[in-house]
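Undergrad: Quick one, fold the following:
(one chain, ligands or ions: 1)
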Amino acid sequence: MISKDSRWRSESLSRTYLEGVRGAIPLADAQIDIMLKIVEQWRPDPDTILDLGCGDGILGRALLDRFSVSRALFVDFSQPMLDSAKKNLEQYEQAQIKKLDYASPNWLEALPAGVRFDVIVSGFSIHHQPDSRKKTLYQEIYELLSEGGLFLNLEHVASSTPALEAVFDDYFIDHLYAYRQRAGETGSRELVNQRYYARPDKTENILAAVDIQCNWLREIGFADVDCYFKVFELALFGGRKQG
Ligand SMILES: C[S@@+](CC[C@H](N)C(=O)[O-])C[C@H]1O[C@@H](n2cnc3c(N)ncnc32)[C@H](O)[C@@H]1O
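TA: Prediction:
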């Protein structure tokens, strides 16, 4: 497991992601809209939510803004990320932040005994785990859901062929470049391209195909499993625990 020395714990990668990458994610608003639509349809009155690998809390915050949630837990293992989340969540009395590493099942011990969540979301986080751990984590998530609860994973997934991976990379670089131009940076697209391929966190990605991950969810017992939205390697998938 990579968590102990993960670059995600560093101030520099946290800043780079929050200031230079999150805003460049293609179709980010659509991803969140669809996430909210599914919650609205299947669990319109969520009382308790969990944002796993929350970063600055963007996904959980979208839920808090839309639904009247009485308890929201934000989990991450990176102090700089949690500091950003804390700032963004100041106005939400129902938000609680916990520094936890979900790389091993021990993280469950830090949760209140018997706690259940109506919605669990995760954004671009679980792909840092080896596949065997992804699958056991999905099982743990299933156990943590209330009856009828939903799990929605907005995730970086594997391309099915190297040719598609190359298209995704180029598409993402277009978006990074446009975002940085809008932010007033003057660097060339070539520079963005070079930095993208040399990015330090790339080695921590353990991407798995979305259809394989959906099958794991079905095996665990999730219902209505699907990939609800996908553009190349960016996928929103999940399922619900039958009530
Ligand atoms: C790419 S960021 C995404 C942040 C946010 N979810 C979003 O959608 O923008 C990945 C986040 O997952 C967190 N993370 C990665 N591995 C983790 C682990 N094993 N336990 C807890 N948090 C983890 C990182 O610290 C980082 O904040």
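Undergrad: From here on, just use CA atoms for contacts and neighbour counts.
TA: Noted.
Undergrad: Got phi/psi on residue 124?
TA: When quoted as degrees, to the nearest 10, the phi and psi of residue 124 stand at phi 50, psi 40.
Undergrad: where exactly do the strands run in the chain?
TA: 48-52, 71-76, 95-99, 117-123, 145-156, 223-231, 234-240 (DSSP state E).
Undergrad: And the longest one, what does it pack against?
TA: What it means is strand 145-156. Applying 3 or more Cα pairs under 8 Å, 6 or more residues apart in numbering; DSSP states H and E, one finds that strand 145-156 makes contact with helix 28-42, strand 117-123, strand 234-240.
Undergrad: Which one, of the ones you listed, ends up nearest to residue 148?
TA: Of all the helices and strands packed on strand 145-156, strand 234-240 sits nearest to residue 148, with 6.1 Å by Cα to Cα.
Undergrad: Would you mind listing what in the protein touches the ligand?
TA: Proximity of the chain to the ligand, by Cα under 6 Å from any ligand atom, involves residues 3, 8-9, 22, 53-55, 58, 76-78, 81, 100-103, 122-125, 128.
Undergrad: Any quick PyMOL command for the buried ones out of those residues?
TA: Those of those that count as buried under 16 or more other Cα atoms under 10 Å are selected in PyMOL with:
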select buried, resi 3+8+9+53+54+55+58+76+77+78+81+100+101+102+103+122+123+124+125+128
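Undergrad: still on that earlier bit, tell me the most buried of the strands of the chain?
TA: Ranked by mean neighbour count under mean count of other Cα atoms under 10 Å, the strands of the chain are led by strand 48-52, which reaches a mean of 25.
Undergrad: Check which helices and strands that one is in contact with.
TA: In terms of contacts (3+ Cα pairs under 8 Å, 6+ apart), strand 48-52 is packed against helix 58-66, strand 71-76, strand 117-123.
Undergrad: what pairs with that strand, and is each one parallel or antiparallel?
TA: Strand 48-52 sits in its sheet next to strand 71-76 (parallel), strand 117-123 (parallel), going by DSSP bridges.
Undergrad: what about it, distance to the chain center?
TA: Averaging C-alpha positions (Cα atoms, centre = their mean, to the nearest Å) puts strand 48-52 11 Å from its chain's average.
Undergrad: try stretch 177-195
TA: Put simply, stretch 177-195 sits 25 Å off its chain's centre (Cα atoms, centre = their mean).
Undergrad: Spit out the contact partners of residue 176.
TA: Listed by Cα atoms under 8 Å, 6 or more residues apart in numbering, the contact partners of residue 176 are 20, 21, 24, 25, 192.
Undergrad: Which strand residues bridge the residue most central in space within the chain?
TA: The centre of the chain sits closest to residue 123, judged by Cα atoms, centre = their mean, with a distance of 0.9 Å. Beta-bridge partners recorded for residue 123 (DSSP bridges): residue 154.
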